[in-house]
Every structure is written in C-alpha cells, then in structure tokens.
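# pasted the sequence and its predicted model underneath.
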Amino acid sequence: STNLKGQLISRYIYAHIYLYSLYLGKGNDQPFILVRSKTPPGQPIERISTRRPYDTPGVDHVYYRLLKDPEVIVEKN
C-alpha cells in the first residue's frame, strides 16, 4: 500500500504471522507463507531476508507477497 496506514498495517501483520503456514480455501492442501519482496506482483519474488521480521529491509518499497511453502509439513504425534 502507498499510504502510511496501509504500510504500518502490512508490516504489523507480517511481523506477527511470518512463521505461519497459510491455507487458503477449502480442500487446498498447499500451504503458503507470507514473505517480503523487492519486486511487485507479476514479477518473480526477490525475497528480503533479515535476522528479525522488524529489522529494516534496506529497500525503498517492500511488497508483501504469498509464496507457496517449499517445506514439507510433517504431522507429529
């Protein structure tokens, strides 16, 4: 989002759910993760990696994107 309120909300949501796998829709067993990217939608994701989710990303504009989770989800007993 280009307005300050939208940027703040996006950053807050990312900081609180960046470790979670997201399942979208019924019957969809493919999880997604929320990542920060240097590139806008429609282009390949260029992830921004920082030690902590609230660290400065080092770019002028951050795009929050959904990425298919490459990890295998394991259910443990």
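In hand now; what should we look at? Note that the structure is a prediction, hence the values are computed from the model and not measured. Numbers count the residues shown, from 1 in each chain.

# okay, CA-based contacts and neighbour counts for the rest of this
Fine.

# list the contacts for Ser49?
Arg36, Pro57 (C-alpha atoms under 8 Å, 6 or more residues apart in numbering).

# also Glu46?
Ser37, Lys38, Thr39.

# state the distance from Ala15 to Tyr64.
Remark: distance between Ala15 and Tyr64 (C-alpha to C-alpha, to the nearest Å) = 11 Å.

# actually Thr50, not the one I wrote
14 Å.

# when the two are compared, which one has more neighbours?
For Thr50 and Tyr64, the more surrounded residue by other C-alpha atoms under 10 Å is Tyr64, and the numbers stand at 23 against 12.

# once you drop chain neighbours, what's closest to the more buried one?
In this structure, Tyr64 finds its nearest non-sequential neighbour in Arg36, 4.7 Å apart by C-alpha to C-alpha, 6 or more residues apart in numbering.

# and the gap between that neighbour and Gly25?
22 Å.

# among the two, which residue is more densely surrounded?
Arg36 (23 against 8).

# which residues are in contact with the more buried one?
Arg47, Ile48, Ser49, Val62, Tyr63, Tyr64, Arg65.

# next, count neighbours for the closest residue to Lys68 other than its chain neighbours.
With sequence-adjacent residues excluded and distances taken as C-alpha to C-alpha, 6+ apart, Lys68 is closest to Phe32, at 4.4 Å. Residues near Phe32, counting by other C-alpha under 10 Å, number 18.

# what does the one 3 residues further on give?
Val35 sits with 21 neighbouring residues when counted by other C-alpha under 10 Å.

# quick check: it is in a strand.
Yes: assessed with DSSP: H, G, I helix; E, B strand; the rest coil, Val35 lies in a strand.
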